[in-house]
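Peer 1: What would the 3D arrangement of this be:
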Amino acid sequence: MKKLQLILLLLTMGFYAQAQDTLPTRSVYVELGGAGLPYSFNYDFRFDKTRMDSWGMRVGAGGYTTSDESFFSLPVMVNKLYGKGPHYFEMGFGLTFFAFDEEDYSYCSSGYYDSNGNFICDSYVEQDSYYEFILPVDGSPSLMGTMNFGYRRVPVDGGFTWRVNLTPIFNNNGFWPLYAGLGFGYAF
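Peer 2: Down below sits the predicted model:
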């Protein structure tokens, strides 16, 4: 019986020591703004699981639906952390795939008032949908290039993590350097 207790004690200590040596190289978080455009839910991980200050990747998804429109985004970025825990400078680049659907609308180009004072339209003009998220977009689906420069706080033992970033965005219609993101989540 004492041998079994000793083995269980050694195994428990071994698991505890192993758990203390692991770094929180993965995280899940929600980001407002940033690469997901309006917002996104993200998973971030380091390629080298033994070092926090290394290259990693994030993949996310975001979107919304209203009565007039819907929007979906899928940000994918490669990033590198610089510094020592719990404070890191983060740099990255990537693409955000997004799709949207807006109803086409029409407006009256000419008309008259009848004898009762009601407006009667003679001709309608169909207007194609137009979408712009900071920069004009050529259509749906589309891609937006993203960069990332910011601060990330990751506790050494894992737990609550947060980040704030400057996220310049660009596409074939322009470049907007002052877009930003704010994220909160859990590192493990």
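
Peer 1: Kindly state the beta-bridge partners for residue 90.
Peer 2: Per DSSP bridges, the residues bridged to residue 90 are residue 81, residue 150.

Peer 1: That one contacts residue 153, doesn't it?
Peer 2: No - using Cβ atoms under 8 Å, residue 90 makes no contact with residue 153, being 10.4 Å away. Where C-beta positions appear, they are placed from N, C-alpha and C, glycine not excepted.

Peer 1: What sits closest to residue 48 if chain neighbours are left out?
Peer 2: Excluding its sequence neighbours, the residue lying closest to residue 48 (Cβ to Cβ, 6 or more residues apart in numbering) is residue 54, at 4.2 Å.

Peer 1: that older thread, which of residue 90 and residue 153 has more residues huddled nearby?
Peer 2: residue 90 (22 against 14; other Cβ atoms under 10 Å).

Peer 1: Find residues that contact each of residue 90 and residue 153.
Peer 2: Contact criterion Cβ atoms under 8 Å, 6 or more residues apart in numbering; residues shared by residue 90 and residue 153: residue 163.

Peer 1: wait, what's in contact with residue 182?
Peer 2: By Cβ under 8 Å, 6+ apart, the contact list for residue 182 reads 31, 32, 33, 34, 162, 163, 164, 165.

Peer 1: again with residue 180
Peer 2: Going by Cβ under 8 Å, 6+ apart, residue 180 touches 33, 34, 164, 165, 166, 167.

Peer 1: swap the cut-off to 10 Å and go again
Peer 2: The contact partners of residue 180, taken as Cβ atoms under 10 Å, 6 or more residues apart in numbering, are 32, 33, 34, 149, 150, 164, 165, 166, 167, 168.

Peer 1: Ok, residue 32 next?
Peer 2: Counted by Cβ under 10 Å, 6+ apart, residue 32 has contacts 38, 39, 40, 62, 180, 181, 182, 183, 184.

Peer 1: ok, of these, which come out buried?
Peer 2: 39, 40, 62, 181, 183 (16 or more other Cβ atoms under 10 Å).

Peer 1: Just the helices from the protein, written as ranges.
Peer 2: Taking DSSP state H as the criterion, the chain carries its helices at 2-21.

Peer 1: Please check the contacts of residue 180 and keep the buried ones.
Peer 2: Among the contacts of residue 180, those classed as buried by 16+ other Cβ under 10 Å are 33, 34, 150, 164, 165, 167, 168.

Peer 1: Pull the most distant pair out of those.
Peer 2: Spanning the widest gap among those are 164 and 168, at 14.6 Å by Cβ to Cβ.
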